[in-house]
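# What would the 3D arrangement of this be:
(chains A, B and C)
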Amino acid sequence: MSSDIDNIFTKAASGRSLVKNRQALTIDYVPERLPFRDEETKALAQVLSTIFKGARPSNLLLFGKPGTGKTAAARSVVDRLAKKASELETDVTVLFINAKIAGGSAYKVIFEIAEELGINKEREKQVHFTGLSMGEATDRVLNFIQRKKLNLVLVIDEIDSLVDRSGDDILYNFTRANQRMKGGFITLIGISNSLTFKDKLDPRVRSSLSEEELVFNPYTVDQLRQILQERAKLSFNEGAISEAAVNLCAAIAGREHGDARKAIDLLRVAAELAEREGITKVDEKHVRDSEDRIERDAPFVALKNAPAHHKLVILAIIKSTNGTTGKVYDIYLSFCKQTEQKPLTQRRMTQIINELDLLGIVSTDIVNQGRYGRSQKIRVMIPLTTIEEALKDDIDLTSLID
DNA sequence: ACTCCACAGGAATAACCGGGCG
DNA sequence: CGCCCGGTTATTCCTGTGGAGT
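Next comes the predicted model:
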């Protein structure tokens, strides 16, 4: 027992020589120079530079698929802006909010902004975690900005998740605030993964939010390779990773749509796997395992932590073998009876199936059976063993499978 | 050409929860 | 404490629909 634990430590210690800078392999890491994004960062800097002429820069929208360097570009430019501003003693406040991490709710975004601005250190008119109406919270933030005459550059990452779930009201209030405020201004930089994001906006918000816009195109496989090589040089020790392994990461990530984030994830997990094995060089095999691992992990975790009814639905789908909604629902009902649970409605179950679809756990096909109606054929997309493994802690559920 | 199945999936609304406020 | 507020989950009610059968 204790020798096992000893073993883990020994392996970890011997694997330590693999990676010299783990930080450079995380998603948050922003490299000194962004390869292949010179044009974009320049354009971004150009727009923001008006701040040094004492005027409000245009609002800005950044588009592009995941892992195309939007966030990194915004971060790097905005950081340098803040640095320059303090050198020149120009008053600029920079805020970086991730709407998705904030929970996608408008109120939490406001709260986050308030927190970062330090409003809650004031004696009055604080913005609390909950308890205020949206309007009041927004007013307090805007008043604070006006009172302090802040020149605020507000970057909202994953802005589409905010609008999806809470509508564009806050964006409206923030973009409109500039006309209302005497002293101080807000420049909004929105970052969106979705290219159709603009369509969801109210026309008034759309025109003021996207005074300027910037589209980030996916990296090519070749560009990915160079990015990875650079990153690998930063994070791995000399000779700790084969060139073939790096190239494979680039190739895998490029297969989809040039997602640099995915490429770097692959690299990091591959390194972790090699370390765990106590091997001193990361090669292609580790990258392939890493791809497997990443693909397997997400659904597994989602499944394990899913609410009881989601699990029942999955089991019902398995038992129905390519069944349609109605069939799955019948089985689900019988499962509920067996486990003495109050069943949910069919409407809710289809919602749950859609959620599972989004997670990639199941896949649905609409089928028309003419006279016999129209339904969805539901298939399970992950191996049965994974599901069994994920659900093995639910004793009362395992008895349902046979 | 028309019908009508077996649902899909949107909209409104209710039920419940956790946490701050007075 | 009870109340308010916003979030999440679930229900209720609803309109829409592709094509096999007639």
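# and the nearest residue to residue A:288 once chain neighbours are set aside, what element?
Beyond its immediate neighbours in the sequence, the residue positioned closest to residue A:288 (C-beta to C-beta, 6 or more residues apart in numbering) is residue A:248, lying 7.4 Å away. For glycine as for every other residue, the C-beta is placed from the backbone atoms N, C-alpha and C. Here residue A:248 is covered by helix A:243-256, with elements defined by DSSP states H and E.
# Do the helix or strand containing residue A:136 and DNA strand B come into contact?
Residue A:136 is located in helix A:134-147, with elements delineated by DSSP H and E. No. Contact of helix A:134-147 with DNA strand B is not found when judged by C-beta under 7 Å from any atom of the strand; the minimum separation is 10.9 Å.
# What residues of that helix count as buried?
Neighbour counts using 16 or more other C-beta atoms under 10 Å place A:137-142, A:144-146 of helix A:134-147 among the buried residues.
# got the residues you listed as a markdown table, with pLDDT columns?
Conversion of those to a markdown table gives the following (pLDDT from 0 to 100):
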| residue | pLDDT |
| --- | --- |
| A:137 | 73 |
| A:138 | 76 |
| A:139 | 76 |
| A:140 | 77 |
| A:141 | 79 |
| A:142 | 81 |
| A:144 | 81 |
| A:145 | 81 |
| A:146 | 82 |
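# of all the residues you listed, which comes closest to DNA strand C?
Ranking those by separation from DNA strand C, with C-beta to the nearest atom of the strand as the measure, puts residue A:137 on top at 7.4 Å.
# Please identify the residue of chain A positioned nearest to DNA strand C.
When scored by C-beta to the nearest atom of the strand, chain A has residue A:370 as its residue closest to DNA strand C, at 1.7 Å.
# How many residues are close by that residue?
Taking other C-beta atoms under 10 Å as the criterion, the count of residues near residue A:370 is 6.
# Repeat that for residue A:69.
Neighbour count for residue A:69, taken as other C-beta under 10 Å: 28.
# Quickly note the distance from it to residue A:223.
10 Å (C-beta to C-beta, to the nearest Å).
# shared neighbours of the two, which are they?
Shared contacts of residue A:69 and residue A:223, defined by C-beta atoms under 8 Å, 6 or more residues apart in numbering, are found at residue A:36.
# of all of the stretch 201-350 of chain A, which residue lies closest to DNA strand B?
Residue of the stretch 201-350 of chain A nearest DNA strand B, by C-beta to the nearest atom of the strand: residue A:326 (2.1 Å).
# Need the pLDDT of that residue.
The score at residue A:326 is 91. That number is its pLDDT.
# Over to it: give its phi and psi.
According to degrees, to the nearest 10, the main-chain angles of residue A:326 amount to phi -60, psi -40.
# Residue A:212 pairs with what?
The residues listed as beta-bridge partners of residue A:212 by DSSP bridges are residue A:60.
# now do residue A:236
According to DSSP bridges, the residues that bridge with residue A:236 are residue A:19.
# What count of nearby residues applies to it?
Per other C-beta under 10 Å, the neighbour tally for residue A:236 reads 23.
# Look up how far residue A:286 lies from it.
For residue A:236, the distance to residue A:286 under the criterion C-beta to C-beta works out to 12 Å.
# returning to what we had before: next one: the residue nearest to residue A:288, what pLDDT does it get?
Reading off the per-residue confidence, residue A:248 sits at a pLDDT of 88.
# what helices or strands is whichever helix or strand comes after the helix holding residue A:248 leaning on?
Downstream of helix A:243-256, the first helix or strand assigned by DSSP H and E is helix A:260-277. For helix A:260-277, the contact count by 3 or more C-beta pairs under 8 Å, 6 or more residues apart in numbering; DSSP states H and E identifies helix A:2-15, helix A:221-235, helix A:243-256, helix A:284-304 as packing neighbours.
# okay, those helices in TSV with distance to DNA strand C next?
Compiled in TSV, the helices and strands packed on helix A:260-277 are given as follows (distance: least, C-beta to the nearest atom of the strand, whole Å):
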stretch	distance to DNA strand C
helix A:2-15	36
helix A:221-235	34
helix A:243-256	28
helix A:284-304	12
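# Residues in contact with stretch A:74-86: which ones?
When contacts are taken as C-beta under 8 Å, 6+ apart, the neighbours of stretch A:74-86 outside the stretch itself are A:30, A:34, A:41, A:44-45, A:48, A:51-52, A:62, A:90-92, A:94, A:96, A:153, A:155, A:157, A:189, A:191.
# buried sites along stretch A:251-261?
A:252-254, A:258-260.
# Check stretch A:209-225 too.
Of the residues in stretch A:209-225, those with enough neighbours to count as buried (16+ other C-beta under 10 Å) are A:209-210, A:212, A:214, A:216, A:218-219, A:221, A:223-225.
# and which of those residues is nearest to residue A:25?
The shortest distance between residue A:25 and any of the buried residues of stretch A:209-225, using C-beta to C-beta, involves residue A:224 and amounts to 14.8 Å.
# so who does the residue nearest to that closest one when sequence neighbours are not counted touch?
With C-beta to C-beta, 6+ apart as the criterion, residue A:224 has its nearest non-adjacent residue at 4.0 Å, and that residue is residue A:250. Applying C-beta under 8 Å, 6+ apart, one finds that residue A:250 lies in contact with A:221-222, A:224-225, A:227-228, A:263.
# could you dump stretch A:367-380 to PDB, C-alpha only?
Only the C-alpha atoms of stretch A:367-380 are listed here, as PDB (Å, rounded to 0.1, in the frame of the first residue of the first chain):
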ATOM      1  CA  VAL A 367     -37.400  10.000 -38.700                       C
ATOM      2  CA  ASN A 368     -40.700  10.100 -40.500                       C
ATOM      3  CA  GLN A 369     -42.700   7.000 -40.500                       C
ATOM      4  CA  GLY A 370     -45.500   8.600 -42.400                       C
ATOM      5  CA  ARG A 371     -48.800   7.200 -41.200                       C
ATOM      6  CA  TYR A 372     -47.000   6.200 -38.000                       C
ATOM      7  CA  GLY A 373     -45.900   9.700 -37.100                       C
ATOM      8  CA  ARG A 374     -42.700  11.500 -36.800                       C
ATOM      9  CA  SER A 375     -40.200  11.000 -34.000                       C
ATOM     10  CA  GLN A 376     -36.600  10.900 -33.100                       C
ATOM     11  CA  LYS A 377     -34.400   7.900 -33.300                       C
ATOM     12  CA  ILE A 378     -32.000   8.100 -30.400                       C
ATOM     13  CA  ARG A 379     -28.600   6.300 -30.300                       C
ATOM     14  CA  VAL A 380     -26.000   6.200 -27.600                       C
END
